[in-house]
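**Student:** Structure, please.
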Amino acid sequence: MLNDALPSDADITSCDLEPIHIPGSIQPHGIMLIVNNELKVIGAAGDIEGRLTENWAGRALIDLVGGDCVAKAARVEEDATLILGRVEGASGYLNAIAYRSAGRLVVEMDAAEPEPTLSAPFLFGLDAAVSQFERAPTVESLCRQAAATFRDLTGYGRVMIYQFIDGDAGVVVGESLDEGSSSFLNHHFPATDIPKQARALYVRNKVRVIPDVSYIPAPIRSVREDLRGLDLSDSTLRSVSPVHIQYLKNMGVAASASISIVKDGVLWGLVACHHHEPKEITLNVRIACLAIAGSLARQIRSKEEAELYRERLRFRSQEETVLSKLGADGSLSEFFERSGRELANLLSSDGFAAVQGQDLFTYGKCPDNIDIRAIADFIRRPAALQPFATPSLKTKMPEAEAYADRASGLLAVTMSTEIPTILIWFRAEHLEVLEWAGNPHKGVPVEPGVTLTPRASFEAWSEEVRHKARPWSHGEVEAAGRVVRLMLERRNDLRVRELNRELTTTIAENETLLRQKDFLLKEVNHRVQNSLQLVAAFLRLQGKTSGDDAVRLQLEEADRRLSAVALVHRRLYRDDSVEVVDLSRYLEDLVSEMKTTMDDEWARQFDLELAPVQISTDRAVNVGLVLTELVINAQKHAYEGRPGRLSVILEQHRGMFRLIVMDHGAGKKSGGGSGFGKRMLAAVVDQLKGTIDEQDNKPGLRTVVTAPIDTP
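**Tutor:** Prediction:
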């Protein structure tokens, strides 16, 4: 069967709307108590009468679980789960945990293991398993080892390491099986199998267990108010969607567990455990799974970074070969004639093209010239800020289907010559046969009122993917941008030396014009800087003479905001580009300048971890204002005005950047607020088309601003 793409977004709409976090019931292998602020039980679920006590409604929590557990439970904060310990029930010991939901305390209990603590041999085995992760040479071998480790730990018949890929589909990259389980290794699963809200819960609640898929849900019972709408996002006993239960039954699974693999705050994949008969796993094993999954995520990151480093080393040697071919020729064709083959081979492309105005150079397997010019026009703007890469040009430019056999994949970079030069690498269509666990194109019905039903077949289903090339790696995209920059620098250097020998008169005239231009630019810059300094000096003077501390603080904050704008202006004057700046360099300079306005104790408290991000100037100004405002907020609220540690992190993920400001203080969220700073921060983030999220840093506050690098 031929197909161009994975199922459309419409296929998953119905599943995405299912309210799986408020099922109104739990799985019956455990029990739940819902407690009010007076620590009295106002609701329950499960076999409370048989496993704990017959008389529970309205009773004090201390009467049911004991004083030690209640003392711990009283310290549970929002967005946190706490292990309370062992509780002696009517039919044996129970493990108890607690969390908060909508202001209420929720206590969950399930059967405890025979031993009250983890044994030394058990802990030694965990350490040995993690040590094996470190010895795995590749991510692939690491995932195979991890699957075996989790199967030994949990005792499930089939354990799969499931990685999310483009389009939120998934693929099984590691597997460990008993004799009675079928294999899904290297099989793909469509995005519809795990809807959007389920993926969000996997990040929040990292271990989920279904001991028996044939269970009958135990409804939440209330003393007075109806508690069936309680948010159970943090619950370990939450009743599972009937759609997912049927999905597991269709797979022939009787019990399951899943452990999230979260890398850098993003859901990388899952450890999916299946068993052919009902099976529970104790709290100790669940905690161990959580710890091993964290180690696995760190090892995945380490090995991916090591592979990227090795790839970068390979590219560096090839880049020298390319640069050795360059000369000072004025013609575009002559400029690329010597290096076309090397440029194509550098990125393992089938063809290479360069477009500068009306000039066109091609090498290898390329589309027709008229199509190349159309592609250049299409990518001219996005490739100006950063390399433009896609394995399927047809999805971005539908007319590219006509020449998919020559240019299904495309990587383009703009060289800032007198007339911008667009360098384009092409990859031909690479027919790929994907093995799916069932037909991914039989989507979930989306008509109103239709009952959601999961797919019933998981038999191997092959699909031949068309109009797609081998994807460009992160190292290849980096190499394209770097080699273009080095080419420009080398070519300009050679041309300058040649012009120095042949055009001395013209150079002298140009130098005169350049001096005039520099004079004008310096004059303009001088006047702008004087104006900004005058306003800043006025603000400082007003602050010193004001007897009102609140007014003085507001003037100091205004001075910092003004400094953020002035710093971008100075950097623009120093840099070659007036359209794009390195956000990391700008933020580093901004923090340095802010330190000069602080006392020495505050100035020593900053930790910076800034990744290079190329961003347009106007957006850089807005990011600077955001950082200034977050630092001001932290100084005000984090440590009650006293100096304390502040971390500033800048990261890039595909086309987005993430600015993180963390403290370890009181952890006070800004809330609604109506002050100028709060309104300005919200307005600037909105102008960036981004989002701002405040999280508990345990202790302290972690504020994350996420926005596109380019203007949407």
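**Student:** Run through the stretch 251-400 of the chain and note the low-pLDDT ranges.
**Tutor:** The stretch 251-400 of the chain contains residues with pLDDT under 70 at 317, 320-321, 323-333, 335.
**Student:** residue ranges of the strands in it, please?
**Tutor:** For the stretch 251-400 of the chain, applying DSSP state E, counting those that start in this stretch gives strands covering 255-263, 266-275, 351-356, 359-364, 388-390.
**Student:** Mean neighbour count added to those strands, as TSV?
**Tutor:** The C-beta positions use only the backbone N, C-alpha and C, and glycine is treated the same way. Shown next, in TSV, are the strands of the stretch 251-400 of the chain (neighbours: other C-beta atoms under 10 Å):
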stretch	mean neighbour count
strand 255-263	22
strand 266-275	23
strand 351-356	24
strand 359-364	18
strand 388-390	21
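**Student:** And those: which comes nearest residue 407?
**Tutor:** Nearest of these to residue 407, taken as C-beta to C-beta: strand 351-356 at 7.2 Å.
**Student:** Roughly how far does residue 174 sit from residue 250?
**Tutor:** Using C-beta to C-beta, to the nearest Å, residue 174 is found at 23 Å from residue 250.
**Student:** Would you state the helices of the stretch 101-250 of the chain in chain order?
**Tutor:** Listed in chain order, the helices of the stretch 101-250 of the chain (DSSP state H, counting those that start in this stretch) span 120-135, 139-154, 196-204, 242-251.
**Student:** what's the most buried one of those?
**Tutor:** helix 139-154 (a mean of 20; mean count of other C-beta atoms under 10 Å).
**Student:** could the helices of the stretch 101-250 of the chain go into a markdown table alongside distance to residue 655?
**Tutor:** What follows is the helices of the stretch 101-250 of the chain, written out as a markdown table (distance: least, C-beta to C-beta, whole Å):
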| stretch | distance to residue 655 |
| --- | --- |
| helix 120-135 | 31 |
| helix 139-154 | 24 |
| helix 196-204 | 19 |
| helix 242-251 | 32 |
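**Student:** Of all those helices, which one is nearest residue 704?
**Tutor:** Taking these one by one with C-beta to C-beta, helix 196-204 is closest: 13.1 Å.
**Student:** Could you give the average pLDDT over that closest one?
**Tutor:** Mean pLDDT, helix 196-204: 85.
**Student:** next one: stretch 615-622
**Tutor:** pLDDT averaged over stretch 615-622 gives 85.
**Student:** Tell me the residue in this protein that is farthest from the middle.
**Tutor:** residue 505 (55.7 Å; C-alpha atoms, centre = their mean).
**Student:** what sits against it?
**Tutor:** By C-beta atoms under 8 Å, 6 or more residues apart in numbering, the contact list for residue 505 is empty.
**Student:** Helix, strand, or coil at it?
**Tutor:** Counting by DSSP: H, G, I helix; E, B strand; the rest coil, the backbone at residue 505 sits in helix.
**Student:** Any figure for the gap between it and residue 511?
**Tutor:** Remark: distance between residue 505 and residue 511 (C-beta to C-beta) = 11 Å.
**Student:** From residue 190, how far out is the residue nearest to residue 401 when sequence neighbours are not counted?
**Tutor:** Among residues not flanking residue 401 along the chain, residue 394 sits closest, at 4.7 Å (C-beta to C-beta, 6 or more residues apart in numbering). The spacing between residue 394 and residue 190, counted by C-beta to C-beta, is 20 Å.
**Student:** Can you pick out the residue with more neighbours from those two?
**Tutor:** Between residue 394 and residue 190, counted using other C-beta atoms under 10 Å, the more crowded position is residue 190 (24 against 21).
**Student:** Could you list the low-pLDDT ranges of the stretch 51-200 of the chain?
**Tutor:** In the stretch 51-200 of the chain, residues with pLDDT under 70: 115-122.
**Student:** need the strands for it, in chain order.
**Tutor:** Under DSSP E, counting those that start in this stretch, the stretch 51-200 of the chain gives strands at 81-89, 92-101, 104-111, 158-164, 170-177, 188-189.
**Student:** Ranking those by mean neighbour count, which comes first?
**Tutor:** Using mean count of other C-beta under 10 Å, strand 158-164 ranks as the most buried of these, with a mean of 24.
**Student:** starting at the chain centroid, how far to it?
**Tutor:** Distance of strand 158-164 from its chain centroid, counting by C-alpha atoms, centre = their mean, to the nearest Å, is 20 Å.
**Student:** Repeat that for stretch 585-599.
**Tutor:** 27 Å.
**Student:** on that earlier part again, looking at the strands of the stretch 251-400 of the chain, which is nearest to residue 148?
**Tutor:** Of all those, strand 266-275 comes closest under C-beta to C-beta, at 11.5 Å.
**Student:** what packs against the closest one?
**Tutor:** Helices and strands touching strand 266-275, by 3 or more C-beta pairs under 8 Å, 6 or more residues apart in numbering; DSSP states H and E, are helix 139-154, strand 158-164, strand 170-177, helix 196-204, strand 255-263, helix 283-323.
**Student:** Dump these into a markdown table; add distance to residue 100 as well.
**Tutor:** Formatted as a markdown table, the helices and strands packed on strand 266-275 follow (distance: least, C-beta to C-beta, whole Å):
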| stretch | distance to residue 100 |
| --- | --- |
| helix 139-154 | 29 |
| strand 158-164 | 30 |
| strand 170-177 | 32 |
| helix 196-204 | 14 |
| strand 255-263 | 21 |
| helix 283-323 | 19 |
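**Student:** nearest to residue 241, of the ones you listed?
**Tutor:** The nearest among the helices and strands packed on strand 266-275, by C-beta to C-beta, is helix 196-204 at 8.0 Å.
**Student:** Return the angle between stretch directions for that closest one and helix 242-251.
**Tutor:** If you take axes from the mean of the first three to the mean of the last three C-alpha atoms, to 10 degrees, helix 196-204 sits at 90 degrees to helix 242-251.
**Student:** Using PDB, write out every CA atom in helix 196-204.
**Tutor:** Provided in PDB are the C-alpha atoms of helix 196-204 (Å, rounded to 0.1, in the frame of the first residue of the first chain):
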ATOM      1  CA  LYS A 196      -2.500  14.200  23.800                       C
ATOM      2  CA  GLN A 197      -3.900  14.500  27.300                       C
ATOM      3  CA  ALA A 198      -2.500  11.000  28.100                       C
ATOM      4  CA  ARG A 199       1.000  12.100  27.000                       C
ATOM      5  CA  ALA A 200       0.700  15.100  29.300                       C
ATOM      6  CA  LEU A 201      -0.200  12.900  32.300                       C
ATOM      7  CA  TYR A 202       2.800  10.700  31.500                       C
ATOM      8  CA  VAL A 203       5.100  13.700  32.200                       C
ATOM      9  CA  ARG A 204       3.200  14.500  35.400                       C
END
